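Peer 1: this one's structure only:
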């Protein structure tokens with residue numbers, strides 16, 4: 001294939017992939033009835049809360065891009081602008097994959113760097129930091145829920161969450177201590193290689209990455225609480241934060257595809273926040289709003305960056 005053919009094929013594939021992502025997002029937006037609730041309450045609610053929530057989205061994106069650049073720079077140097085574009089491209093791909101597992105592969109596909117193996121290893125660290133954050137806050141939310149509304153089933157879930165949180169923390173902080181044991185299991189040996197690569201990060205760097213992940217989680221949760229307030233659902237700050245943490249943990253551990261997860265999000269939200277309010281329309285609308293602002297809007301922007309992706313060099 002000559003150079004001119006590769007150029008045209010790259011543009012064609014990039015445009016087709018970008019158009020496909022946009023079309024899939026559009027189909028899902030059109031099919032979700034919860035989004036009609038947003039339109040119906042637009043005129044009757046205080047829009048300042050909505051504006052505040054939207055204003056926090058770039059801050060969330062900026063922190064994630066900073067974390068991603070810190071991870072990638074251990075393998076190859078990239079600009080902050082490229083890190084932002086890579087994150088957005090990853091979000092756009094994540095919406096069509098189960099539990100958003102396509103986010104980090106999407107970032108790597110966009111970067112198209114040579115040091116792929118090292119980038120995969122730092123992606124593992126990013127994923128584990130994100131999981132640890134989610135489980136730490138999810139455990140706090142579950143603990144609070146058990147104190148207020150718990151039963152024997154939720155107690156079992158709490159214990160399982162605690163065990164998983166400890167395991168993820170060990171994976172993140174002390175991988176090299178238990179990595180030799182997994183070499184005895186053939187199909188787990190590949191993780192030892194990741195562990196050796198991840199040891200290049202200092203404890204301070206790992207702490208920085210984890211703190212950024214936790215700060216992002218707090219901002220994301222604040223956005224949800226602001227939208228609940230927009231829907232005239234008043235919650236005590238502590239209760240609202242812990243129950244929102246439980247909500248985000250729940251949607252993270254239950255299998256789903258991001259584009260099809262809105263109805264599932266709505267059901268979980270109604271189950272959790274129904275203990276505080278009978279305004280189910282408001283709960284559904286706030287859930288749809290945070291989904292739109294933090295996932296769908298960045299995905300639409302990120303899908304445009306695939307126009308410039310070069311599938312062939």
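Peer 2: Looks like it came in fine. Since we're looking at a predicted model, the values are computed, not measured.

Peer 1: where does pLDDT dip in the stretch 101-250 of the chain?
Peer 2: When the per-residue scores of the stretch 101-250 of the chain are filtered using pLDDT under 70, the ranges that remain are 113-117, 175-200.

Peer 1: make it 80
Peer 2: Within the stretch 101-250 of the chain, the segments meeting pLDDT under 80 span 101-102, 109-110, 112-122, 124, 150, 174-202.

Peer 1: so who does residue 104 touch?
Peer 2: With contacts defined as C-beta atoms under 8 Å, 6 or more residues apart in numbering, the neighbours of residue 104 are 90, 123, 126-127. Every residue, glycine included, has its C-beta placed from N, CA and C.

Peer 1: secondary structure element holding it?
Peer 2: Here residue 104 is covered by helix 103-111, with elements defined by DSSP states H and E.

Peer 1: name the residues of the helix or strand hosting residue 214 that are buried.
Peer 2: With the criterion set as DSSP H and E, the secondary-structure element containing residue 214 is helix 203-230. Neighbour-count burial for helix 203-230, counted by 16 or more other C-beta atoms under 10 Å, picks out 206, 208-210, 212-214, 216-217, 220-230.

Peer 1: give me phi/psi at residue 274?
Peer 2: Torsion angles at residue 274 (phi, psi; degrees, to the nearest 10) stand at phi -60, psi -20.

Peer 1: just give the nearest non-adjacent residue to residue 266, would you?
Peer 2: residue 284 (4.7 Å; C-beta to C-beta, 6 or more residues apart in numbering).

Peer 1: confirm the one you found sits in a strand?
Peer 2: No - counting by DSSP: H, G, I helix; E, B strand; the rest coil, residue 284 is not part of a strand but helix.

Peer 1: isn't it right up against residue 269?
Peer 2: Yes - the pair residue 284 and residue 269 qualifies as a contact (C-beta atoms under 8 Å) at a distance of 7.0 Å.

Peer 1: buried sites along stretch 96-116?
Peer 2: Taking 16+ other C-beta under 10 Å as the criterion, stretch 96-116 shows 96, 99-100, 102-104, 106-111 as buried.

Peer 1: same list (those residues) but as CSV, adding distance to residue 56.
Peer 2: Putting the buried residues of stretch 96-116 into CSV (distance: C-beta to C-beta, whole Å) gives the following:
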residue, distance to residue 56
96, 25
99, 24
100, 20
102, 25
103, 20
104, 23
106, 23
107, 22
108, 27
109, 28
110, 24
111, 27
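
Peer 1: would you point out which residue is most central in the protein?
Peer 2: residue 100 (7.2 Å; C-alpha atoms, centre = their mean).

Peer 1: just the pLDDT for that one.
Peer 2: Looking at residue 100, its pLDDT reads 75.
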